[in-house]
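Trainee: output the structure for:
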Amino acid sequence: AKRTGKSYEEVKKLLSELQKMEVLSYLPQTDKPQLSLPVARMDARDIVISEDILKKRKERARERTDAMIHYVESKTKCRSQMLLAYFGETDSYRCGVCDFCIERNKLEMSSLEFETVKEQVKELLYNKPMELAELVNAVRNSKEDKTIKVVQWLVDNEKLFYNEENKLAWKK
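Mentor: Below is the predicted model:
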């Protein structure tokens, strides 16, 4: 009222009219408390969280942290696919624009070609290390240069490694 130069009653009347027009919500000033809590507030010492619930919360927090670390450190899966899998969508395609996909696109191979060669390499090396030439000859239905590109990509992304005998092995 003081700021507008109007009387208290005039301002109160104008605010009531604005409320009727649903422009604003107006609660007239009273001598009653402005805030009321329908439920009594509990003291912190009276709040009890069961050990089982606390354990589940900690485990869930650990899972979320592990998922975040995996997302940041992973060099072997599309970032979009990882995000979608985290939220329950397992049927997704590579995005083609994340750092992983850009590296994969440099191989100039389709996803099907890459996955076919990768699965063969994994099957061949999972239990028995092999020399590169032996591995390249053992992979079926793939040109030699494409197989070498896949092997190089797997080594760069730490899925394959050279053991002490200088043979390729699958990292378990």
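Trainee: what is the subsequent helix or strand relative to the helix or strand harbouring Glu115?
Mentor: Counting by DSSP states H and E, the element that carries Glu115 is helix 111-125. Next helix or strand after helix 111-125 toward the C-terminus (DSSP H and E): helix 132-138.
Trainee: residues in contact with that following helix: which ones?
Mentor: Gln120, Val121, Leu124, Leu125, Met130, Glu144, Thr147, Ile148, Val151, Leu168 (CB atoms under 8 Å, 6 or more residues apart in numbering). Bear in mind the C-beta positions are built from the backbone N, C-alpha and C, glycine included.
Trainee: with stretch 67-77 instead?
Mentor: In contact with stretch 67-77 (CB under 8 Å, 6+ apart) are residues Arg79, Met82, Leu83, Tyr86, Phe100, Asp156, Asn157, Glu158, Lys159.
Trainee: give me the number of residues near the closest residue to Ala85 other than its chain neighbours?
Mentor: Distances taken as CB to CB, 6 or more residues apart in numbering put Ser92 closest to Ala85, at 7.4 Å, once the chain neighbours are dropped. Residues near Ser92, counting by other CB atoms under 10 Å, number 13.
Trainee: same check, this time on Asp52
Mentor: Asp52 has 8 neighbouring residues, counting by other CB under 10 Å.
Trainee: ok, now the one 10 residues further on?
Mentor: Here the count is done by other CB under 10 Å, and Arg62 has 10 residues near it.
Trainee: output the below-cut-off pLDDT ranges for the protein.
Mentor: By pLDDT under 70, the low-scoring segments of the chain are 32-38.
Trainee: can you report phi and psi for the most centrally placed residue in the chain?
Mentor: The centre of the chain sits closest to Leu83, judged by CA atoms, centre = their mean, with a distance of 3.9 Å. With angles defined as degrees, to the nearest 10, Leu83 sits at phi -60, psi -50.
Trainee: quick one: end-to-end distance for stretch 161-172.
Mentor: End-to-end distance for stretch 161-172: 10 Å, by CA to CA, to the nearest Å.
Trainee: list the buried residues for it?
Mentor: Of the residues in stretch 161-172, Lys167, Leu168, Ala169, Trp170 count as buried by neighbour count, 16 or more other CB atoms under 10 Å.
Trainee: contacting residues for the residue sitting furthest away from the middle of the chain?
Mentor: Distance from the centre of the chain peaks at Ser7, with 58.6 Å (CA atoms, centre = their mean). Neighbour list for Ser7: Ala1 [criterion: CB under 8 Å, 6+ apart].
Trainee: the residue nearest to Ala85 is in contact with Met82, isn't it?
Mentor: No: contact criterion CB atoms under 8 Å: Ser92 and Met82 do not qualify, at 9.5 Å.
Trainee: what touches both of those two?
Mentor: Counting by CB under 8 Å, 6+ apart, Ser92 and Met82 have no shared contacts at all.
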